[in-house]
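coords please:
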Amino acid sequence: MLKTELCARLGIEHPILSAGFGPGAGPEVVAAVSNAGGCGVLGASGFRVPYLRELIRRVRALTSKPFGVNLILEDIEEGPIEACLDERVPLLVFFWGDPAPYVGPAHARGVKVAIQVGSAEEAREAAEAGVDFVIAQGVEAGGHVRGTTALSVLVPAVVDVVAPLPVLASGGVADGRGLVAALSLGAQGVSMGTRFVASEEAFVPPLYKARIVSSQAEDTVYTEDLFDVGWPNAPHRVLRNAIVREWEAAGRPPSGQRPGEGTTVGSRTRAGETWEIPKYASITPTPEYTSDLEYLPFWAGQTCSLIHDIKPAGQVVRDIVAEAEQVIDRLARIRSAPQPV
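So this is what the prediction gives:
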């Protein structure tokens, strides 16, 4: 069985996390990943506290295994972190901010803390703050992208500065080969988003999943300011769809000068509340939207080139582990093969 120190510390069977890709990472996909031996992570940023508590309890109704909750720290308000601590979630996964104020309170409740980083310096600061794990995110990743370095360079650099703290690799990993590559770079596990968006349980529209399967890395677009309404100054990677092509045809104008800026593209109803969705909003498409999906962001990483089907999230975990073990066996045979005289 493929296990690392990360597995022992988290109490999981396989060194695989599903990323908390916004509301698309709902209780069903989280539980499916955890039940398969990985660690599912609930996307929870932007939720009101009562709804967040409901989601956490729904996860617990579906699995007794460890899971995480992902929160964005940049504009965190009072309430969500405290609710997670009250619920004693096994793992908090932070992104885009300073975890230092929250490590002590989390550890006091028996909650482990991870943070996703984009540079070795950010990783060093997180380690000094006392986090339990660091997730190194390569620029290949989908969604919001913290740094500008390729995963193959970033992971060993982060491992070097935070050792012996366990490091996970994120961005550019979608199969067993990627898991083995990450382990060879010094990581003790992987965190994957795009692969799990294209799973049966992901709470996103079928069109979004199908677009990932039909796309190649070249169909992704990295931009600093396209979908910035609600989250400015946060570079991101998306699939090219109608709104992206419209913006590119206009010459990639900056925020404030984009086609149709200030208009709305639909609405969303969640927990009994309805919001109008402005064009270029930084949101994750879910079945709650009454919008033209071509005018919402399809967050996706370059790994769409490696994703060829939509299948149960638990099967994704099992297939990745099986392929990784086959790759390791093959490498072992290469190492032990008789050498020519």
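
Please enumerate the helices of the stretch 201-341 of the chain.
206-214, 242-249, 313-336 (DSSP state H, counting those that start in this stretch).

Determine which of the ones you listed approaches L154 most closely.
For L154, the closest of these is helix 313-336, at 20.4 Å, according to CB to CB. Where you see a C-beta, it was placed from the backbone N, CA and C, and this is true even at glycine.

Now for the nearest residue to G20 once chain neighbours are set aside, how many residues are close by?
Using CB to CB, 6 or more residues apart in numbering and skipping residues adjacent in sequence, the residue nearest G20 is N70, 2.5 Å away. By other CB atoms under 10 Å, 25 other residues sit near N70.

residue contacts, N70?
Shown in contact with N70 (CB atoms under 8 Å, 6 or more residues apart in numbering): 19-20, 25, 41-45, 93-95.

so where do the strands sit in this structure?
Using DSSP state E, the strands of the chain run over 16-18, 40-43, 67-72, 91-95, 112-117, 133-137, 143-144, 167-170, 189-192, 220-223, 236-239, 264-270, 273-278.

Select, out of these, the one closest to Q315.
Nearest to Q315 among the strands of the chain is strand 16-18; the distance by CB to CB comes to 12.4 Å.

any low-confidence regions in the stretch 101-250 of the chain?
The model of the stretch 101-250 of the chain has no residue with pLDDT under 70.

right, and the helices of the stretch 201-341 of the chain - which one's nearest V145?
Closest of these to V145 is helix 242-249, at 15.7 Å (criterion: CB to CB).

Pull out the buried positions in the closest one.
243-244, 247 (16 or more other CB atoms under 10 Å).

now the residues you listed as a markdown table including distance to G262?
Output for the buried residues of helix 242-249, formatted as a markdown table (distance: CB to CB, whole Å):
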| residue | distance to G262 |
| --- | --- |
| I243 | 14 |
| V244 | 18 |
| W247 | 14 |
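
ok, so of these, who is nearest K112?
Looking across these and measuring by CB to CB, the closest to K112 is V244, at 37.2 Å.

so that closest one touches Y222, yeah?
No. Between V244 and Y222 there is no contact under CB atoms under 8 Å: 11.2 Å.

Just give the nearest non-adjacent residue to S215, would you?
C304 (4.3 Å).

if I look at that neighbour, how far off is E325?
Noted for C304: a distance of 25 Å to E325, by CB to CB, to the nearest Å.

higher neighbour count, the two?
Neighbours around C304 and E325, counted as other CB under 10 Å, are more numerous at C304. The numbers are 26 against 15.

State the pLDDT value of that one.
Confidence at C304, expressed as pLDDT, is 98.

contacting residues for it?
Residues near C304 by CB under 8 Å, 6+ apart: 142, 194, 212-213, 215-217, 219-220, 239.

Next: P166.
Residues in contact with P166 (CB under 8 Å, 6+ apart) are 4-6, 9, 132-134, 188-189.

And the helices of the stretch 201-341 of the chain: which comes nearest K65?
Of all the helices of the stretch 201-341 of the chain, helix 313-336 comes closest under CB to CB, at 11.2 Å.

what about the helices in the stretch 1-150 of the chain?
So, for the stretch 1-150 of the chain - with DSSP H, counting those that start in this stretch - the helices run 5-10, 27-35, 49-62, 80-86, 100-108, 120-129.
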